[in-house]
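Participant: Got a predicted model here, sequence first, then my questions.
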Amino acid sequence: MKHLLTTKELTREEAELILDVTQQMADAVTGREVPKLPALRGRTVVNLFYEDSTRTRTSFETAAKRLSADVVNFAAKTSSVNKGESLRDTALTLQAMGADAVIIRHPAAGAPQRLTEWLDGAVLNAGDGTHAHPTQALLDAYTMQKRLGGIEGRTVAIVGDILHSRVARSNVWLLSKLGANVRLVGPPTLLPKDIGDWPVEIGYDLDASLKGVDAVMMLRVQRERQHASFFPTANEYARLYGLDERRLALMPDHAIVMHPGPMNRGMEIAASVADSPRATITEQVTNGVWVRMAVLYLLLTNGETR
Amino acid sequence: MTKPVLIKGADLIGKGRSDVLVKDGRVAEIGSLSATDADVVDADGLVLLPGLVDLHTHLREPGREDAETVLTGTRAAAKGGYTAVCAMANSNPVADTAGVVEQVAALGRAAGYADVQPIGAVSIGLEGQRLAEIGAMANSAANVRMFSDDGHCVSDPVLMRRALEYVKTFGGLIAQHAEEPRLTEGAQMNEGPVSAELGLPGWPAVAEEAIIARDVLLAEYTDARVHFCHVSTARSVDIIREAKARGAKVTAEVCPHHLLLTDEAVRSYDPVFKVNPPLRREADVHVLRAALAEGVIDAVATDHAPHALQDKECEWAAARPGMLGLETALSISVLALGGPKDVDWDVLAERTSRTPARIAGLEAHGRDPQPGVEANFTLVDPAATWTVVPEGLASLSRNTPYAGSELPVTVEATFLRGRATVLNGKIQEETTE
């Protein structure tokens, strides 16, 4: 693995290796007085964020620092990006500074892939447009593995705005590769067209789709989508596709509730469900740091110094 | 007075070998000839075609002379076997007045590499609000007959109806960029399985088909002429086929890239493959090829769209749509019509020269060689191949999607009114008449 751009390009072996190393990272750091490993000492990791995302940026920064890497935050708001510097020129600048890895979050799908053409270092996709968000999917998979004891044969419903979700896309490829049954649930307006070839079941009825699930993943839905007629009103959306207590009761007792955050309480998820013990939302955040440590470690060392 | 030229042994449009004597810019004689006072061009093994005519060229002048000029664009045209190009109106300023279209035509004459026929804008500033001074452009020295807001669709049905009616006064036509704008807001590529996976907002085929269907009906209702630019989908072909069967005054063009490339190319996220309308699916390519062979699609048009490097060396969404076409169109047309061994040269001449010349009203172009006609020809080598090297192209820009590809058929010579603009595959520097 030179870069991590999508989960689609990962082999099952690579995905399992990342999840194994994630477990090792968690074991190595948890309970330590100083939760830090020397693995990436002297390496420079750049956080190149063209979208505001304090959560993801902080998670990557924490992961890199726990591996003793030097972290540079190159935020679009405070850099020359706002002065109109092209992505290519920014890449050449980072290249000249000797970045070993660049973690990029960008509103344009494919921007990380373009970056690989201009940089020698590793490129790690932290979310590009509505295309991919591989570390989110990996942390979701790790969370499922921990809570459900495995992924193979488990059934996961991904609910909501699939069309605009890089999280959904990355989870479809990763979870199906790891042997899960994936259901996509949402109104037809929020499902991409022509996904008949995807390894998923497609449903429009959330109640029916919750039968027999091991996990349900609720996606954030922007209220503003109602203005573009993706759904009539936020209230109607919540009634048809929101996860409330009644729907929680339709799920098997062991099934977990996931959300990549940030949540719209009362929209796609009721507050009481978000705060219930079956919700894994804060766990996902914790696991995100381990997963990102594992990915940074594997990309920057090829696993050689393990 | 230029010296006469004797073209020896060319296969005339694939119908048999003959010599062609060109004098004073016109064909003087055809047969087995010898002339001692003429420059002899050995055309053994070459096919002579009427000079290609492009209905859809972006020359970028005035406004974006860093991407292309009338001079560099027409040099590229000559290199590609073209003797006439129709310059789209989306320059800056827009070609929506007699002054701008006359300027573009004059730049073409000054360059001398191909006849430049300006296309006028339908609406002022291509804004789709009010008709541009179509009559003034028609009556200008540029003699404009074709009008288009290309780059934008004339989406307002009332404006489209009025435009169709208005150009009837002088036998003109509207060339429609068929794209229902509400269905393509933010669109980045063909909507389908690939866009679903890549997370790029889709440009649905129906956005093109809905406008073509509407405009076919409007053209029939007003008994006016409509031409469809860059037809890209299988259903568009169906609609045009039915319209023609009813006798509607409808013509259509297809771009070389829509005859060869598919949206699978977008997986690279390389914006050199970004174009509007977007690259479609394999099934569309097959239907478009068949429709071109059959004549449902009347013409190949390049939509030659040069862009500066920085407008393509960026992320996909930030890139401008469009690709170079003039220097590769002939090769790809041959490929789409069966390849260099099986192509029917007469059909090729029909789709790349005669019909587009007739649509654009260019009477001196698209003429087969016979005594008295203007000597606007190209000589091509059907047995040769060439490799596309962006830096080696005559265009000022480099955004060809075929970089590194080996293509069939080379242009050995192009003659504009008897003068070689290209000879031995090289652009000739002294071209002024």
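Facilitator: Yep, that arrived.
Participant: what about the strands in chain A?
Facilitator: For chain A, the strands defined by DSSP state E occupy A:44-49, A:70-75, A:101-106, A:122-128, A:155-159, A:181-185, A:201-203, A:215-218, A:256-258.
Participant: Is there a neighbour count for residue 88? I'd like the number.
Facilitator: By default, I'm working from chain A. 18 (other Cβ atoms under 10 Å in any protein chain shown). The C-beta positions use only the backbone N, C-alpha and C, and glycine is treated the same way.
Participant: oops, I was thinking of chain B
Facilitator: Around B:Met88 there are 28 residues (other Cβ under 10 Å).
Participant: just the one 5 residues further on next, same as before
Facilitator: Counted by other Cβ under 10 Å, the residues lying close to B:Pro93 total 13.
Participant: Next up, identify which helix or strand B:Ala384 is on.
Facilitator: Using DSSP states H and E, B:Ala384 falls within strand B:377-387.
Participant: One more: B:His286?
Facilitator: helix B:282-294.
Participant: quick one: that helix to chain centroid distance?
Facilitator: Per Cα atoms, centre = their mean, to the nearest Å, the displacement of helix B:282-294 from the mean C-alpha position of its chain is 18 Å.
Participant: Check which element follows it along the chain.
Facilitator: Where DSSP H and E defines the elements, the next helix or strand beyond helix B:282-294 is strand B:299-300.
Participant: Who are the packing partners of that following strand?
Facilitator: For strand B:299-300, the helices and strands in contact under the criterion 3 or more Cβ pairs under 8 Å, 6 or more residues apart in numbering or on different chains; DSSP states H and E are strand B:250-254, helix B:329-336, helix B:355-360.
Participant: Could you say which one of the ones you listed comes nearest to chain A?
Facilitator: strand B:250-254 (23.2 Å; Cβ to the nearest Cβ).
Participant: Do a quick rundown of the helices in chain B.
Facilitator: Listed in chain order, the helices of chain B (DSSP state H) span B:70-79, B:98-111, B:134-139, B:157-166, B:193-198, B:205-222, B:234-245, B:282-294, B:329-336, B:345-349, B:355-360.
Participant: Off-centre distance for the second one?
Facilitator: Computed by Cα atoms, centre = their mean, the chain-centroid distance of helix B:98-111 equals 18 Å.
Participant: just the third one next, same as before
Facilitator: Centre-to-centre, helix B:134-139 and its host chain are 23 Å apart (Cα atoms, centre = their mean).
Participant: and for stretch B:33-46, what are the contacting residues?
Facilitator: Residues from elsewhere that reach stretch B:33-46 (Cβ atoms under 8 Å, 6 or more residues apart in numbering or on different chains): B:3-11, B:19-21, B:379-383, B:412-413, B:420, B:423.
Participant: What residues sit buried inside it?
Facilitator: In terms of neighbour count (16 or more other Cβ atoms under 10 Å in any protein chain shown), stretch B:33-46 has its buried residues at B:35, B:38, B:41, B:43, B:46.
Participant: again, but for stretch B:137-149
Facilitator: For stretch B:137-149, a neighbour-count test (16+ other Cβ under 10 Å) marks B:137-138, B:140, B:142, B:144-149 as buried.
Participant: What separation do you get for A:Leu206 and B:Asp284?
Facilitator: Distance, A:Leu206 to B:Asp284, by Cβ to Cβ, to the nearest Å: 36 Å.
Participant: Please report the distance of B:Ile7 from chain A.
Facilitator: 47 Å (Cβ to the nearest Cβ, to the nearest Å).
Participant: Apart from its chain neighbours, what residue comes closest to that residue?
Facilitator: Residue nearest to B:Ile7 in three dimensions, not counting chain neighbours: B:Val20, with 4.4 Å by Cβ to Cβ, 6 or more residues apart in numbering or on different chains.
Participant: if I look at that neighbour, how far off is chain A?
Facilitator: For B:Val20 relative to chain A (Cβ to the nearest Cβ), the value is 49 Å.
Participant: can you pull up the bridge partners for that residue?
Facilitator: Beta-bridge partners recorded for B:Val20 (DSSP bridges): B:Ile7, B:Ile30.
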